[in-house]
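>>> No sequence on hand, only this structure:
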């Protein structure tokens with residue numbers, strides 16, 4: 001082990017964990033990569049100064065990059081407060097992946113009709129509202145719980161909540177058909193709690209900021225405003241965020257059903273779902289036991305990787321994805337990366353790359369190749385293979401997936 005000391009900053013390097021940063025008056029920062037933007041490191045330092053962060057410290061995954069307040073690709077464990085902006089506004093965003101009984105040889109040579117059918121069957125884009133006749137049945141339990149929440153917080157009431165069940169959204173959300181190393185067919189999709197989750201997130205972020213102002217608490221970043229666990233807002237946020245996470249689960253379930261139905265219209269071979277890899281969040285907060293204590297664990301762009309947990313770590317439109325099994329690393333609060341992680345902002349990507357670059361980098365994938373999805377080009381993301389190499393102590397790779405169809409909602 002090598003140790004460097006400079007201005008009372010202590011940097012430790014380990015075989016797998018890339019570095020641990022320990023500075024005065026802050027919790028340790030444990031990072032699973034050497035490739036970290038200075039602005040993201042500043043955000044981690046800000047979080048590490050908060051007194052309610054657990055003494056084990058703040059964790060940064062190999063896909064870490066700048067977020068709002070807290071970094072994307074970070075894990076924050078707290079014992080008496082939650083930071084709503086660390087959870088974010090895409091509450092419950094995550095991945096659902098299933099393996100089918102199909103082989104590559106069962107698929108048609110031309111995959112464009114499959115892509116177009118999925119685009120027709122699953123509403124896409126930021127609005128993404130179903131026509132009323134095509135809406136999925138809204139779970140009665142979810143509906144009643146939402147009524148309880150909006151009764152206390154009328155500003156959270158929205159009419160399009162049911163219409164957005166089973167819709168994809170935009171940005172980095174996607175639906176993909178993939179092949180694994182044995183030529184088995186998989187379907188993978190990525191989405192969250194849609195407009196209602198965004199509204200819940202923004203609403204409680206503002207309430208947390210007002211709470212800080214009322215108490216006269218000065219923070220290194222206003223977006224780190226928190227809700228203490230002895231307040232009504234804390235209890236109401238926990239109720240609302242759990243509802244949004246359950247809504248996100250339901251959203252992915254309905255989308256998966258619609259995607260499988262779309263495949264059946266163009267694949268004449270009978271098939272079934274043979275294995276569900278995971279339906280798991282990567283933007284969420286949950287109470288878990290770590291180091292003998294019940295903590296609120298916020299994973300902002302990270303998935304749970306307890307010993308035996310199955311997970312999905314996707315690359316970008318033209319990169320590989322991975323089905324993994326967690327190793328249960330206590331150092332990472334039983335967590336791992338959630339994907340490749342951006343190296344460029346969307347604006348930078350649009351200014352740097354051309355549509356010709358997009359066509360080249362997505363060669364062999366049936367997908368949109370136009371300026372509307374240029375900001376999702378693989379070159380704007382970290383190398384997923386390098387991300388995986390940096391977290392060998394966190395997960396075991398079970399399958400490597402190659403995308404052959406990609407659907408985007410931009």
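Perfect, thanks for sending it. It should be emphasised that the depicted structure is a prediction, and the values quoted were computed from it without experimental measurement.

>>> need the helices for the stretch 201-350 of the chain, in chain order.
Using DSSP state H, counting those that start in this stretch, the helices of the stretch 201-350 of the chain run over residues 232-264, 346-352.

>>> And those helices: which comes nearest residue 393?
Residue 393 sits nearest to helix 232-264 of all the helices of the stretch 201-350 of the chain, at 27.6 Å, using Cβ to Cβ. Quick note: C-beta positions are derived from backbone N, CA and C, even for glycine.

>>> how about that closest one: buried residues?
For helix 232-264, the neighbour count (16 or more other Cβ atoms under 10 Å) marks 233-234, 236-238, 240-256, 258-260, 262-263 as buried.

>>> In a markdown table, list the helices of the stretch 201-350 of the chain along with distance to residue 379.
Formatted as a markdown table, the helices of the stretch 201-350 of the chain follow (distance: least, Cβ to Cβ, whole Å):
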| stretch | distance to residue 379 |
| --- | --- |
| helix 232-264 | 27 |
| helix 346-352 | 7 |
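
>>> neighbouring contacts of stretch 122-139?
Residues from elsewhere that reach stretch 122-139, judged by Cβ atoms under 8 Å, 6 or more residues apart in numbering: 160-170, 175, 194, 250, 254-255, 258-259, 262, 407-410.

>>> mean confidence for it?
Averaged over stretch 122-139, pLDDT sits at 79.

>>> coming back round to it: show the buried residues in the contacts of stretch 122-139.
Among the contacts of stretch 122-139, those buried by neighbour count (16+ other Cβ under 10 Å) are 161-170, 175, 194, 250, 254-255, 258-259, 262, 407-410.

>>> now, which of the residues you listed lie within strands?
The strands, defined by DSSP state E, take in 175, 407-408 from those.

>>> For residue 321, state which of the residues you listed is nearest.
Closest approach to residue 321 among these (Cβ to Cβ): residue 175, at 12.8 Å.

>>> isn't that closest one right up against residue 189?
Yes. Using Cβ atoms under 8 Å, residue 175 is in contact with residue 189, at 4.4 Å.

>>> Now do the shared contacts for these two.
Shared contacts of residue 175 and residue 189 (Cβ under 8 Å, 6+ apart): 168, 255, 259.

>>> Could you tell me which residues make contact with the last one?
When you say that, I think you mean residue 259. Contacts of residue 259 by Cβ under 8 Å, 6+ apart are 118, 121-122, 175, 187, 189.

>>> and if you look at residue 262?
Per Cβ under 8 Å, 6+ apart, neighbours of residue 262: 114, 117-118, 120-122.

>>> how near is it to residue 402?
For residue 262, the distance to residue 402 equals 20 Å [Cβ to Cβ, to the nearest Å].

>>> same deal with residue 318?
Here residue 318 is placed at a distance of 10 Å from residue 402 (Cβ to Cβ).

>>> Just want the most central residue of this structure.
Nearest to the mean C-alpha position of the chain, by Cα atoms, centre = their mean, lies residue 282 at 3.7 Å.

>>> which residue sits closest to it, ignoring its sequence neighbours?
Counting by Cβ to Cβ, 6 or more residues apart in numbering, residue 338 is the residue found nearest to residue 282 once chain neighbours are left out, at 3.8 Å.

>>> got it, and residue 339?
Residue nearest to residue 339 in three dimensions, not counting chain neighbours: residue 314, with 5.1 Å by Cβ to Cβ, 6+ apart.

>>> again with residue 396
Residue nearest to residue 396 in three dimensions, not counting chain neighbours: residue 325, with 4.7 Å by Cβ to Cβ, 6+ apart.

>>> Tell me if I'm right that the one you found and residue 395 touch.
Yes. Contact criterion Cβ under 8 Å: residue 325 and residue 395 qualify, at 6.5 Å.

>>> Just want to know which of these two has more residues nearby.
Each of residue 325 and residue 395 has its neighbours counted (other Cβ atoms under 10 Å); residue 395 has more, 26 against 17.

>>> What residues are bridge-paired with the more buried one?
residue 326 (DSSP bridges).

>>> who's in contact with it?
Contacts for residue 395 were tallied using Cβ under 8 Å, 6+ apart; they are 305, 311, 313, 322, 324-327, 336, 388.

>>> 6 Å instead?
For residue 395, the contact set (Cβ atoms under 6 Å, 6 or more residues apart in numbering) comprises 305, 324, 326, 336.

>>> How about residue 115?
Residues counted as contacts of residue 115 (Cβ under 6 Å, 6+ apart) are 366, 405.

>>> Surely it forms part of a helix?
Yes. Looking at residue 115 with DSSP: H, G, I helix; E, B strand; the rest coil, it is inside a helix.

>>> just to revisit the earlier point, could you report the pLDDT at the residue nearest to residue 282?
So, for residue 338, pLDDT stands at 96.

>>> Could you do residue 388 as well?
As predicted, residue 388 sits at a pLDDT of 95.

>>> Output the below-cut-off pLDDT ranges for the chain.
Along the chain, segments meeting pLDDT under 70 span 1-17, 129, 132-133, 410.

>>> what about 50?
For the chain, the stretches with pLDDT under 50 are 1-10, 12-13, 15.

>>> Which residue ranges of the stretch 51-200 of the chain form helices?
Here the stretch 51-200 of the chain has its helices, by DSSP H, counting those that start in this stretch, at 84-87, 112-121, 140-152, 194-215.
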